[in-house]
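Chemist: Sequence first, then the predicted structure, then my questions.
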Amino acid sequence: MELLGQELRKIWRPGIVAVLAVLGVLYYLLFPRFYVEHFHNGPNAQSDFDIAVGWMERFGPTMEPEERAQVDAQLADEIAVFDDMVADLPEAAAAGIVDYPSYTAFEEAWVERWQDASHDDRFRADSELHARIVENTNLYRLQELQTMMNGYDTRNENLISQDKSLFSQYSPEEQDRIRELENPAREQGYLSMHLEETTTNFAKYVAVWVALSVILLLSPVLVRDRLHRVRALQWSSRQGRRTVDVQCAAGLLSALALTAANLAVYGGLFVAQGPLALADTPLYSFVTSRFVWFDGTYGQYLLVLVALVAALGMACGALALFLSRYSSTYVVMLLKATPLFVGAGALFGSWLLDRTFYFREVFWGAGVLVPRFAEVACVAVLLLAALLLCAWSCRRTRKQELLE
């Protein structure tokens, strides 16, 4: 244990910890901060989330048919609120907008002129009036409520499983999954597209940073020993040769600890925005109807994402140790660490967390969907290969003759 503690102290030097802390802050400010500060990216997303949270409190994680009738009363209340708010706008009354039906007629005419590219003085005046109404009423919440209600009411219409030309493009396994998800008897939650996208984008950036930080932490360790001829001292005794195993163990523990710290900090910032209010709602949602292999809840999905990022961090740590053992200088290690980060972090990490377990193409334009739970298989193979390489290098190092 004393030797393990010494190796850990060699890894966690104050200087490298300070550098990682500064880089972590800069990385956060440049990339994932947007998805924290703009967790509800716009009033539509805010309204969508608030409605879903309200339904969660009233109906639980799913909405039953008998509970759907209560939403009609909620819509009527929102319309009444809108009518009262729009009545306080003199410019709206001047344009003949005195309630929601009259606003709907106004909006349809405004959108039609926008689509016809008839951007005359009247269109610009109506655009200003529309913006004024949006700013001073509950219009976004009202329209999002209608959209979510429509999603529930029409979830058994226009099913992909009934479209033979489209349905035939999926594999037999994918077709079975689509039928299962589109089963009218299946309980569905109301997780919004906005929350899905925010979660995906934030998770991708976290995965990339975890890979980068672990590689930066562990890459110099064994190179430093080589430059200072520490191995010569270790090889002077049989006991000293066993330090390679302890170094690997210390490196892997450090990779796990740093990954956990990153997940705690970044995850804490994300969770503080309130997504766990919908933790119990099913991941498959009648609001978005995006096909997904995962049958759990949104909260369970977050835990799975955490596990995938942790596995990625461990794999990057093991690979960094392996490459560091066979690097004679810092420059050589840097030349090896750069492609490791690009391949395992920037490319694989981003792909791994890009709508994990959802129906998605292997890469954009591929025309082939990622197989069922292939993400778990890919990260498991990467982690196993990294650990085996690390173990093999330790065994080989113990048996080789001292060359320095």
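Modeler: Yes, it's here.
Chemist: May I see the buried residues of stretch 125-137?
Modeler: The neighbour-count check on stretch 125-137 (16 or more other CB atoms under 10 Å) flags D126, L129, H130, I133, T137 as buried. Where C-beta positions appear, they are placed from N, C-alpha and C, glycine not excepted.
Chemist: same check, this time on stretch 155-167
Modeler: R155, L159, I160, S161.
Chemist: Centre of the chain to the strand or helix carrying L319, how far?
Modeler: L319 belongs to helix 298-325 when assigned by DSSP states H and E. In terms of CA atoms, centre = their mean, to the nearest Å, the centre of helix 298-325 is set 14 Å apart from its chain centre.
Chemist: tell me what that helix is packed against?
Modeler: Applying 3 or more CB pairs under 8 Å, 6 or more residues apart in numbering; DSSP states H and E, one finds that helix 298-325 makes contact with helix 193-227, helix 243-271, helix 330-340, helix 348-352, helix 374-399.
Chemist: These: which one's closest to F359?
Modeler: When those are compared by CB to CB, helix 374-399 sits nearest F359, at 11.7 Å.
Chemist: between that closest one and helix 243-271, how big is the angle?
Modeler: Counting by axes from the mean of the first three to the mean of the last three CA atoms, to 10 degrees, helix 374-399 lies at 150 degrees to helix 243-271.
Chemist: Now render the helices and strands packed on helix 298-325 as a markdown table, adding distance to V19.
Modeler: A markdown table is the format used below for the helices and strands packed on helix 298-325 (distance: least, CB to CB, whole Å):
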| stretch | distance to V19 |
| --- | --- |
| helix 193-227 | 8 |
| helix 243-271 | 13 |
| helix 330-340 | 14 |
| helix 348-352 | 21 |
| helix 374-399 | 24 |
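Chemist: Nearest to V304, out of those helices?
Modeler: Smallest distance to V304 across those (CB to CB): 8.5 Å, for helix 374-399.
Chemist: Quick one: list the elements packing against the closest one.
Modeler: helix 243-271, helix 298-325, helix 348-352.
Chemist: Of those helices, which is nearest D50?
Modeler: Closest among the helices and strands packed on helix 374-399, using CB to CB: helix 298-325, at 16.0 Å.
Chemist: Using CSV, lay out the helices and strands packed on helix 374-399 together with mean pLDDT.
Modeler: Shown next, in CSV, are these (pLDDT from 0 to 100):
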stretch, mean pLDDT
helix 243-271, 93
helix 298-325, 96
helix 348-352, 97
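Chemist: ranking those helices by burial, who's on top?
Modeler: Compared across the helices and strands packed on helix 374-399, helix 298-325 shows the largest average neighbour count, a mean of 23 (mean count of other CB atoms under 10 Å).
Chemist: and the direction of it versus that of helix 374-399, what angle?
Modeler: 30 degrees.
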